[in-house]
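Okay, predicted coordinates and the sequence, questions at the end:
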Amino acid sequence: MKDLDSLDFEPRFARLGNAFSAPIEPTALAQASMVICSTDALALLDLPASTLDDPRLLQLASGEWYWPQTTPRAMVYSGHQFGGYTPRLGDGRGLLLAEVRNSAGEHWDVHLKGAGLTPFSRSGDGRAVLRSSIREFLASEYLHTLGIATSRALCVADSQTMVWREQRETAATLIRLAPSHIRFGHFEYFYYNQKYAELEQLQAHVLSDLYPECLTADEPLAAMLSVVVKRTAETIALWQAYGFCHGVMNTDNMSILGLTFDFGPYAFLDDFKHAHICNHSDNRGRYAFNQQVAMGYWNLTALAETLTRYVAVERLQEILDGYAAIQQQAYLKAMRARLGLPDQQADDAVLIDKLLLQLDHSALDYTLFFRKLGELPAAEALAAMAPEFINQAAFAEWCDAFMARNANDLRTQAQRREQMHAVNPLYMLRNYLIQIAIEAAEDGDYAPLHKLYAVLSTPFTQQDGCAAYAERPPQWGKHLSISCSS
């Protein structure tokens with residue numbers, strides 16, 4: 001293991017120069033305090049848990065100190081926001097502090113969110129707030145436990161620096177880790193500004209450092225797009241399978257690596273609602289839960305547009321046309337596992353769709369339905385849950401089809417239960433639990449946040465004394481309205 005003095009730096013993105021990012025020092029927070037830290041994320045940098053005792057970790061998180069051999073940089077990019085193109089966005093409150101290569105040969109960007117004003121802050125103040133920082137920390141680390149591709153969160157720092165959102169709040173920071181912070185919007189920025197030399201430099205960087213396996217293909221950029229399409233489709237498939245609503249699927253929030261990225265007004269479904277909108281600013285439902293698959297495709301077409309000077313349009317369209325099948329295949333695989341189906345059959349999509357229709361009509365808890373389905377033998381589990389369904393006849397018909405589908409399942413109930421519980425979490429990252437932890441943290445009490453994080457770190461395993469974390473939310477906690485303000 002290493003310490004903060006002995007990390008190995010590899011400034012791959014920084015080498016691209018000032019056309020891609022601006023060197024800028026962070027603006028330190030006043031009277032910072034450490035809120036929470038992920039030791040699993042520390043380990044990605046080869047740092048032991050004892051790093052928490054190093055005062056420079058807080059100094060790094062609060063913008064007071066950074067490594068003398070690195071130069072913090074704010075990236076420039078653009079993007080389509082709610083369908084409209086914004087010519088220049090960029091890191092308005094974040095800085096790429098360093099790029100680290102760990103002992104496993106992995107590259108990790110160390111990015112400070114809430115670092116203060118940058119050349120791309122526009123009308124903002126360059127700050128993040130405690131509630132949004134906590135939300136991103138929890139979502140990043142929880143999605144990772146579910147096996148969904150995501151950026152990681154290392155730590156959150158609070159402060160006595162005050163900012164104004166809907167009300168006065170304390171400024172906070174979050175250190176985010178990712179193999180790269182390049183977005184679809186990076187490509188759009190250089191393409192729409194007709195900076196083709198820089199666009200080609202960006203392409204070369206992404207190919208050599210992120211997708212080197214594509215360099216030997218006949219058309220490296222086409223091969224790269226194919227992988228980006230696949231990764232994006234598979235990530236969104238898991239969002240749909242686990243009920244995750246991103247909320248702001250703008251192209252500047254889409255990772256070139258297919259990661260779940262830039263957390264804002266996200267939500268995991270409580271009661272299943274296919275058309276759920278988690279972002280109260282999304283008044284037309286562009287990024288509703290049932291629109292996410294289509295929005296993934298839309299964003300990929302925006303990325304493909306930036307490659308039209310280099311790859312034939314017909315070839316780009318051919319690659320994009322594969323998106324739906326890849327997404328559906330990954331989604332069905334995840335849903336079969338969640339339902340405990342022992343094999344693959346042609347009509348599984350119909351079976352799943354009919355179930356979701358009944359869940360939607362009856363407003364059943366999405367997470368607990370799958371967990372309960374594995375707890376008892378299938379017939380007993382379905383009989384126990386049947387009274388919760390509004391259309392009893394339709395659900396009975398679905399149960400008959402489900403039992404017939406499983407007629408050849410040779411597993412014991414113990415085996416079935418073990419396999420289903422391994423993919424169906426008992427503890428879900430629910431917005432009301434986050435809100436309780438945030439309100440306590442805003443009062444200086446970080447214990448509820450630490451407890452929630454500990455429970456969610458092993459969400460598939462029942463933990464003593466944690467029954468409250470597995471309950472359905474109270475009425476006030478269902479479908480909380482979350483904004484983009486942070």
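Perfect, thanks for sending it.

Excluding chain neighbours, what is closest to Met249?
Met295 (4.6 Å; Cβ to Cβ, 6 or more residues apart in numbering). Placement of C-beta: from N, CA and C, glycine included.

tell me the phi and psi of the one you found?
With angles defined as degrees, to the nearest 10, Met295 sits at phi -70, psi -30.

is it true that it touches Gly285?
No: when contacts are counted by Cβ atoms under 8 Å, Met295 is not listed as touching Gly285 (10.8 Å).

all strands for the stretch 151-300 of the chain, in order.
Per DSSP state E, counting those that start in this stretch, the stretch 151-300 of the chain carries strands over the ranges 152-158, 162-164, 168-178, 244-245, 267-268.

what pairs with the last one, and is each one parallel or antiparallel?
Right, the one you point to is strand 267-268. Sheet pairing of strand 267-268 (DSSP bridges) gives strand 244-245 (antiparallel).

buried ones in the helix or strand hosting Leu351?
Applying DSSP states H and E as the criterion places Leu351 in helix 348-362. By neighbour count on 16 or more other Cβ atoms under 10 Å, the buried set for helix 348-362 is 348, 351-352, 354-355, 358-360, 362.

after it, next one along is what?
helix 366-375.

quick one: contacts of the least confident helix or strand in the chain by mean pLDDT?
Lowest by mean pLDDT, DSSP states H and E among the helices and strands of the chain is strand 162-164, with a mean of 89. For strand 162-164, the external contacting residues (Cβ atoms under 8 Å, 6 or more residues apart in numbering) are 125, 127, 129, 168-171.

If we use 6 Å, what do you get?
Around strand 162-164, the neighbours that count as contacts under Cβ atoms under 6 Å, 6 or more residues apart in numbering are 125, 127, 168-169, 171.

can you check stretch 219-238 too?
148-149, 207, 211, 214, 217, 258, 292-293, 296, 300, 307, 310-311, 315, 319, 323, 326-327, 330-331, 334.

Buried only: go through these for me.
Listed as buried from the contacts of stretch 219-238 are 148-149, 207, 211, 214, 258, 292-293, 296, 300, 307, 311, 315, 319, 323, 326-327, 330-331, 334; burial here means 16+ other Cβ under 10 Å.

Now, those residues that are in helices?
292-293, 296, 300, 315, 319, 323, 326-327, 330-331, 334 (DSSP state H).

can you redo those as CSV with pLDDT and distance to Thr39?
Below are these laid out as CSV (pLDDT from 0 to 100; distance: Cβ to Cβ, whole Å):
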residue, pLDDT, distance to Thr39
Gln292, 98, 32
Val293, 98, 35
Gly296, 98, 32
Leu300, 98, 35
Arg315, 98, 45
Ile319, 98, 40
Tyr323, 98, 37
Ile326, 98, 34
Gln327, 98, 34
Ala330, 98, 30
Tyr331, 98, 32
Ala334, 98, 28
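
Same drill for Met295 and Gly285, tell me which one is more crowded.
Legend: neighbour count by other Cβ atoms under 10 Å for Met295 and Gly285, higher for Met295 (19 against 13).

coming back round to it: can you lay out the contacts of strand 162-164 as CSV showing pLDDT?
Below are these laid out as CSV (pLDDT from 0 to 100):
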residue, pLDDT
Asp125, 92
Arg127, 96
Arg168, 91
Glu169, 93
Ala171, 95
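
Produce a PyMOL select command limited to the buried residues of these.
With 16+ other Cβ under 10 Å as the criterion, this PyMOL line picks the buried residues out of the contacts of strand 162-164:
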select buried, resi 125+127+169+171
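
Adding distance to Glu188, write the contacts of strand 162-164 out as a markdown table.
What follows is those, written out as a markdown table (distance: Cβ to Cβ, whole Å):
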| residue | distance to Glu188 |
| --- | --- |
| Asp125 | 26 |
| Arg127 | 26 |
| Arg168 | 35 |
| Glu169 | 32 |
| Ala171 | 30 |
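
And the contacts of strand 162-164, which is closest to Ala32?
Closest approach between those and Ala32, by Cβ to Cβ: Ala171, at 9.4 Å.

wait, doesn't the closest one sit right on Gln160?
No: Ala171 lies out of contact with Gln160 (Cβ atoms under 6 Å); the separation is 8.7 Å.

list the contacts for Gln329?
So Gln329 contacts nothing (Cβ under 6 Å, 6+ apart).

Kindly provide the distance from it to Lys230.
To Lys230, Gln329 is 10 Å away according to Cβ to Cβ, to the nearest Å.

got it, and Asp400?
Taken as Cβ to Cβ, the span from Asp400 to Lys230 is 36 Å.

ditto for Phe244
The value you get for Phe244 to Lys230, if Cβ to Cβ is used, is 19 Å.

okay, the two: which has more neighbours?
Neighbour count, other Cβ under 10 Å: between Phe244 and Lys230, Phe244 has more, with 26 against 17.

List the contacts of the more buried one.
Counted by Cβ under 6 Å, 6+ apart, Phe244 has contacts Phe268.

hang on, the earlier thing: just the buried residues of helix 348-362 now: which is nearest Ala394?
Nearest member of the buried residues of helix 348-362 to Ala394, counting by Cβ to Cβ, is Gln358, at 5.9 Å.

Pull the contacting residues for that closest one.
389, 394-395.

Just the buried residues from those, in ChimeraX please.
Per 16+ other Cβ under 10 Å, the buried members of those correspond to this ChimeraX selection:
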select :389,395
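
Which ones among the contacts of Gln358 map onto helices?
Among the contacts of Gln358, the members that lie in helices (by DSSP H) are 394-395.

tell me which of the contacts of Gln358 is nearest to Gln419?
Nearest to Gln419 among the contacts of Gln358, with distances taken as Cβ to Cβ, is Phe395, at 24.0 Å.

how about the closest one, what does it touch?
By Cβ under 6 Å, 6+ apart, the residues touching Phe395 are 358, 389.

7 Å instead, please
358, 386, 389 (Cβ atoms under 7 Å, 6 or more residues apart in numbering).

Check Trp398 too.
Counting by Cβ under 7 Å, 6+ apart, Trp398 has contacts 354-355, 358.

And those residues, which is closest to Ile36?
Among the contacts of Trp398, and counting by Cβ to Cβ, the member closest to Ile36 is Leu355, at 36.7 Å.

Return the residues in contact with that closest one.
Contact analysis of Leu355 by Cβ under 7 Å, 6+ apart lists Trp398.

Looking at the contacts of Trp398, which is nearest Leu376?
Nearest member of the contacts of Trp398 to Leu376, counting by Cβ to Cβ, is Leu355, at 17.3 Å.

what number of residues lie near Arg472?
16.

low-scoring stretches of the chain, by residue?
The model of the chain has pLDDT under 70 over residues 483-486.

For the most far-flung residue of it relative to its centre, give me its contacts.
In the chain, Ala393 marks the outermost C-alpha relative to the chain mean, sitting 37.9 Å out by Cα atoms, centre = their mean. Listed by Cβ under 7 Å, 6+ apart, Ala393 has no contact partners.

which stretches of the stretch 1-150 of the chain form helices?
Applying DSSP state H, counting those that start in this stretch to the stretch 1-150 of the chain gives helices spanning 39-44, 55-61, 130-146.
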